[in-house]
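[1] pasting a predicted model and its sequence here:
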Amino acid sequence: MKRLTNILSDIWYVCWREMKHFWGQKVRILMNIVQPVIWLGLMGNMFSNITAIPGFPAKSYLQFMTPGVIAMTSIFGAAFGGMSIVFDRRFGYLNKLLASPISRVSIPMGKMLSSALQAGIQSIIIVLIALALGVKFGTGFPGVLVMVLVAMLLTLAISGISLSLSAVLKTQESLMAVVNFLTMPLIFTSNAMFPTNMMPKWLASIASYNPVSFAVEPMRNLILGSWNWGALGVDIVALIGFGVLMTIIATLLFRRSVA
Amino acid sequence: MDVIIEAEKLTKIYPGGVLAVDHIDLSVKEGEIFGFLGPNGAGKSTTIMMLVTLLHPTEGKARIAGWDIVQHRGRVRSVLGYVSQDIAVDEYLTGWENLLLQGKLYHLSPQEIKTRGKEVLEMVDLWERKDELVQNYSGGMRKRLDIACGLIHRPRILFLDEPTLGLDIQTRSKIWEYIRQLRSEHKMTIFLTTHYMDEADKLCDRIAIIDHGKIMAIGTPLELKRSVGGDLVSIKFQENGNGQREEIFTALKEFPLVESVKEKDSQLLIVTKDGNTAIPQILSRLHDMGAEVQSISMKRPSLDDVFLFYTGRQLRDEEASPQDFYRMRMALRRAKR
């Protein structure tokens, strides 16, 4: 019991430190606000006529895009989860953590948790901006809550990928390269930017297995106003499963890399 | 005094076959300040990293406070404090937050963190500035905070890897002062690595000279100096004593402590095992013989001489490996800010 509370405390304090970094970087927070404004404002205008194409699932492109922007912001944030390990390794802080009696697993888990919390905060910011731009949230406040939760689950899983990579790659240059290589395709082969029913068949079938789609799909249903409990359940279970899997992989790889 | 750090044939071979630490045996007693002296790349940090459980030894064993460093890593971690050469403090946190985090990592209670945090911050003279972000700290302040972090859980053994690397003279002497204080007030055992001769000489009770992963010599600074040769005593006589020169020569050569006598520039040069004891004896003998001494001086071999003797090279000539060089530069850059 004491062991379990210790591990939970370790996870929390690793996460606490990351959150302190998050709040300490005013520019980063500012960019978190500016970026969705640009995405939503610019893209929303640029593609506003896309809704005229027959078969487009939403009446407003902004409304359609908001879940996509939430997912994209979450992925970008999560992709950098592994970077904090690389920096900790480089500046000697990782050794300091490892020389202390904290459980090894709490280091990747704490960092993943902090990525998820940051994604939650970013998602709320995006929702507020979308509201200001006149986007309607079809399922109201409860729907928004579920959307934020979904964004956090997605982030947890993606940051697990990033942390797993950081355990193997170890330098910031190689991690950046691989992460950049992964994030864009991850976004563009999902339904984040474009509805699957309007994609070529091969792309649509990739999109249906892309974990990002599992997050965008329920968020989009919610913003468009439908509580499709069955689909929502499937998507959330898939996200949780993916998240748990990535947590396990990240933890194992991390433990092995520091052993 | 009990032995608190024990290593038997401790060895580290890095992947790729680099033999960094080569069958090291050592034992450190509780309350000792023990120094590892060697050039960059000699295996100092690798040894420390094995002892603080950050690296698995390839071969051999070590025990910290009786706990095996491989089998009982958790126990080992909780009795030791580790301050790496990287100045690993978090810039985005305040000084106090760094300590709080450290206390939490060692599972201290909030009450313990409060009282001990104050104690260690006062010791390193940072209490007044505890609520400032570490970003605004100077290099010396960061190092002091780092040391404070290593102390908050009251470790029985403190490992300091190059504690004064790149720091200015004042900060260095401050840090020496803390180290002595920790030993005298808390009976803490201190294991440090350094490549500064004066640091090893003035601060450490015992020193191990390490080169190419091997311990070349081990002992107190005095023992080491004595082992490479005696003290050099030079005596200058009053002008009128010339007639007795031969007599004095033979008399001095018979002294058990005297190893050799030479004359150079109208001075007598005497090599002796133990100058402190020999000088009064020599003086009283010369006095009995009626020789009038004008002046007398003694020079001890320095640790530089010792290092040269055991490793065949001067410490300062050493070229750092690129990795060490990089680390050193990073540490210096951070220290300078």
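    Received, thanks.
[2] what's the end-to-end length of stretch B:285-293?
    Stretch B:285-293 has an end-to-end distance of 11 Å (C-alpha to C-alpha, to the nearest Å).
[3] in it, what's buried?
    Residues of stretch B:285-293 classed as buried by neighbour count (16 or more other C-beta atoms under 10 Å in any protein chain shown): B:286, B:291. Yep, even glycine has a C-beta here, placed from its N, CA and C like the rest.
[4] could you find the closest non-adjacent residue to the closest residue to chain A within the stretch 1-150 of chain B?
    Taking C-beta to the nearest C-beta as the measure, the stretch 1-150 of chain B has B:Asp86 as its residue closest to chain A, at 2.6 Å. Distances taken as C-beta to C-beta, 6 or more residues apart in numbering or on different chains put A:Gly92 closest to B:Asp86, at 2.6 Å, once the chain neighbours are dropped.
[5] so the one you found touches B:Ala88, yeah?
    Yes. Assessed by C-beta atoms under 8 Å, A:Gly92 is found in contact with B:Ala88 at 3.8 Å.
[6] need the contact list for the closest residue to B:Ser266 other than its chain neighbours.
    Distance criterion C-beta to C-beta, 6+ apart; nearest residue to B:Ser266, sequence neighbours excluded, is B:Lys236 at 7.2 Å. Each residue near B:Lys236 by C-beta atoms under 8 Å, 6 or more residues apart in numbering or on different chains is listed here: B:266-268, B:293-296.
[7] and the helix or strand where B:Arg172 lies, what does it pack against?
    Assigned by DSSP states H and E, B:Arg172 belongs to helix B:169-186. The helices and strands touching helix B:169-186, judged by 3 or more C-beta pairs under 8 Å, 6 or more residues apart in numbering or on different chains; DSSP states H and E, are strand B:33-37, helix B:139-151, strand B:189-194, helix B:197-203.
[8] now render the ones you listed as JSON lines, adding mean pLDDT and mean neighbour count.
    Listed next are the helices and strands packed on helix B:169-186 as JSON lines, based on pLDDT from 0 to 100; neighbours: other C-beta atoms under 10 Å in any protein chain shown:
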{"stretch": "strand B:33-37", "mean pLDDT": "93", "mean neighbour count": "26"}
{"stretch": "helix B:139-151", "mean pLDDT": "92", "mean neighbour count": "24"}
{"stretch": "strand B:189-194", "mean pLDDT": "93", "mean neighbour count": "26"}
{"stretch": "helix B:197-203", "mean pLDDT": "88", "mean neighbour count": "20"}
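[9] what sits against the closest residue to chain B within chain A?
    Nearest to chain B, among the residues of chain A, is A:Gly92, at 2.6 Å (C-beta to the nearest C-beta). Taking C-beta under 8 Å, 6+ apart as the criterion, A:Gly92 is in contact with B:84-88.
[10] now tabulate those in a markdown table and tack on pLDDT.
    Output for the contacts of A:Gly92, formatted as a markdown table (pLDDT from 0 to 100):
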| residue | pLDDT |
| --- | --- |
| B:Ser84 | 90 |
| B:Gln85 | 88 |
| B:Asp86 | 87 |
| B:Ile87 | 88 |
| B:Ala88 | 90 |
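[11] just the buried ones from the residues you listed, in PyMOL syntax?
    To isolate the buried subset of these in PyMOL, counting by 16+ other C-beta under 10 Å, use the following:
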select buried, chain B and resi 84+85+86+87+88
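[12] just flag the most distant two among the contacts of A:Gly92.
    B:Gln85 and B:Ala88 (9.2 Å; C-beta to C-beta).
[13] read off the pLDDT value for the residue of chain A closest to chain B.
    A:Gly92 carries a pLDDT value of 89.
[14] below-threshold pLDDT in chain B: ranges please.
    Counting by pLDDT under 70, chain B shows low-confidence ranges at B:1, B:239-243, B:313-337.
[15] near chain A, which residues of it?
    When proximity is defined as C-beta under 8 Å from any C-beta of the partner chain, chain B approaches chain A at B:49, B:52-54, B:56, B:74, B:77-78, B:80, B:82, B:84-88, B:90, B:92-93, B:97, B:101-102, B:104-107, B:133, B:149, B:330.
[16] any idea how far the residue lying closest to A:Arg28 once chain neighbours are set aside is from A:Cys15?
    Excluding its sequence neighbours, the residue lying closest to A:Arg28 (C-beta to C-beta, 6+ apart) is A:Phe22, at 7.1 Å. For A:Phe22, the distance to A:Cys15 equals 10 Å [C-beta to C-beta, to the nearest Å].
[17] so what sits against both of those two?
    Shared contacts of A:Phe22 and A:Cys15, defined by C-beta under 8 Å, 6+ apart, comprise A:Ser114.
[18] how far off centre is the host helix or strand of B:Tyr310?
    For B:Tyr310, the element it lies in under DSSP H and E is helix B:303-311. Using C-alpha atoms, centre = their mean, to the nearest Å, the mean C-alpha position of helix B:303-311 is found 15 Å from that of the whole chain.
[19] which stretches of chain A aren't confidently modelled?
    Using pLDDT under 70, chain A drops low at A:259.
[20] need the residues of chain A near chain B, please.
    Residues of chain A lying near chain B (C-beta under 8 Å from any C-beta): A:6, A:9-10, A:13, A:16-17, A:20-21, A:24-25, A:91-93, A:95-102, A:259.
[21] so where do the helices sit in chain B?
    B:44-51, B:73-79, B:95-105, B:110-123, B:139-151, B:169-186, B:197-203, B:221-227, B:245-253, B:275-289, B:303-311, B:322-336 (DSSP state H).
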